[in-house]
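[1] With the input below, show me the fold.
(chains A and B)
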Amino acid sequence: QSALTQPASVSGSPGQSITISCTGTSSDVGGYNYVSWYQHHPGKAPKLIIYDVSNRPSGVSNRFSGSKSGNRASLTISGLQTEDEAEYFCSSYTTSSTPVFGGGTKLTVL
Amino acid sequence: EVQLVESGGGLVKPGGSLRLSCAASGFTFTTYSMNWVRRAPGKGLEWVSCISSGNGYIYYADSVKGRFTISRDNAENSLYLQMNSLRAEDTAVYYCATGSPPTWDFDYWGRGTLVTVSS
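    Coordinates of the predicted model:
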């Protein structure tokens, strides 16, 4: 199962909005509404921020939102804050019944 | 507070073995499926293995099948990963995380333990 495709990096200024894409195939992202997004600060535990394409776990800021169209899922972060600077990973259920992750996107808040 | 604490990482030669542990607290361990996920240097996350709450099912990634064995001790709230026939490409930070099919939402994660396979 090939990794999902994410841009290596994105950047934005405080207060702006950014979107991170996650591209798969009909065997993963496009075939199921089981896409999750994770935030990972270096040296810390990764954190689930979006599940089932667009749902936020309790306690996650509503500045984070998720969507999907066809084989592409997206994570949008609005009102960028310096603490949002981290790496972001998507994941999806696959036809193999196992999960696959994206390569990760490093967000820089300028 | 949910805590997952991995241990057992280190430097090992190619072909060697290592056993990772994950100590869980702050939630009802016995009701959660548990996973190992790794991140190699400069690469993305890679799911490694999953074990259900009652050992009813076990999954492995093709890259580790036949070499790694996942297990758990519900009495000790602990998760394990026995890694044999280690290769350089197994070098990674290994994380334990909760999550189960089909949603594979990895709700809680530890901070990871580093495994380095090198001669």
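[2] going forward, measure contacts and count neighbours with C-alpha atoms only.
    OK.
[3] what's the burial count for B:Tyr60?
    20 (other Cα atoms under 10 Å in any protein chain shown).
[4] Now it. Nearest residue, chain neighbours left out?
    Using Cα to Cα, 6 or more residues apart in numbering or on different chains and skipping residues adjacent in sequence, the residue nearest B:Tyr60 is B:Ser49, 4.4 Å away.
[5] For the one you found, what is the enclosing helix or strand?
    Element membership of B:Ser49, judged by DSSP states H and E, is strand B:45-51.
[6] and the next element down the chain from that strand?
    As assigned by DSSP H and E, the chain's next helix or strand after strand B:45-51 is strand B:58-60.
[7] List the buried residues for the helix or strand following that next one?
    Next along the chain after strand B:58-60, taking DSSP H and E as the criterion, comes strand B:68-73. Residues of strand B:68-73 classed as buried by neighbour count (16 or more other Cα atoms under 10 Å in any protein chain shown): B:Phe68, B:Thr69, B:Ile70, B:Ser71, B:Arg72.
[8] now do stretch A:15-24
    Per 16+ other Cα under 10 Å, stretch A:15-24 contains these buried residues: A:Ser17, A:Ile18, A:Thr19, A:Ile20, A:Ser21, A:Cys22, A:Thr23, A:Gly24.
[9] Now go through the residues you listed and say which are in strands.
    Under the assignment DSSP state E, the buried residues of stretch A:15-24 contribute A:Ile18, A:Thr19, A:Ile20, A:Ser21, A:Cys22, A:Thr23 to strands.
[10] which residues touch the first one?
    Think A:Ile18. Counting by Cα atoms under 8 Å, 6 or more residues apart in numbering or on different chains, A:Ile18 touches A:Val10, A:Ser11, A:Gly12, A:Thr76, A:Ile77, A:Ser78, A:Leu80.
[11] Which members of these are the farthest-apart pair?
    For the contacts of A:Ile18, the farthest-apart pair by Cα to Cα is A:Val10 and A:Ser78; their separation is 13.5 Å.
[12] Between these two, which is the more surrounded one?
    Remark: of A:Val10 and A:Ser78, A:Ser78 carries more neighbours, 17 against 14, as counted by other Cα under 10 Å.
[13] what's near enough to touch that one?
    Residues in contact with A:Ser78 (Cα under 8 Å, 6+ apart) are A:Gly15, A:Gln16, A:Ser17, A:Ile18, A:Arg63, A:Phe64.
[14] Could you measure from it over to chain B?
    Distance, A:Ser78 to chain B, using Cα to the nearest Cα, to the nearest Å: 23 Å.
[15] how deep is the residue lying closest to B:Leu18 once chain neighbours are set aside tucked in, by neighbour count?
    Excluding the flanking residues, the one nearest B:Leu18 by Cα to Cα, 6+ apart is B:Met83, at 5.2 Å. Residues lying near B:Met83 (other Cα under 10 Å) number 20.
[16] just checking, what packs against the lengthiest strand in chain A?
    Counting residues, the longest strand found in chain A (DSSP E) is strand A:86-93. Under the contact criterion of 3 or more Cα pairs under 8 Å, 6 or more residues apart in numbering or on different chains; DSSP states H and E, strand A:86-93 touches strand A:35-40, strand A:99-101, strand A:105-109.
[17] is the residue positioned nearest the centre of chain B in a bridge, and if so with what?
    For chain B, the residue nearest the mean C-alpha position is B:Trp36 (2.6 Å; Cα atoms, centre = their mean). Per DSSP bridges, the residues bridged to B:Trp36 are B:Ser49, B:Cys96.
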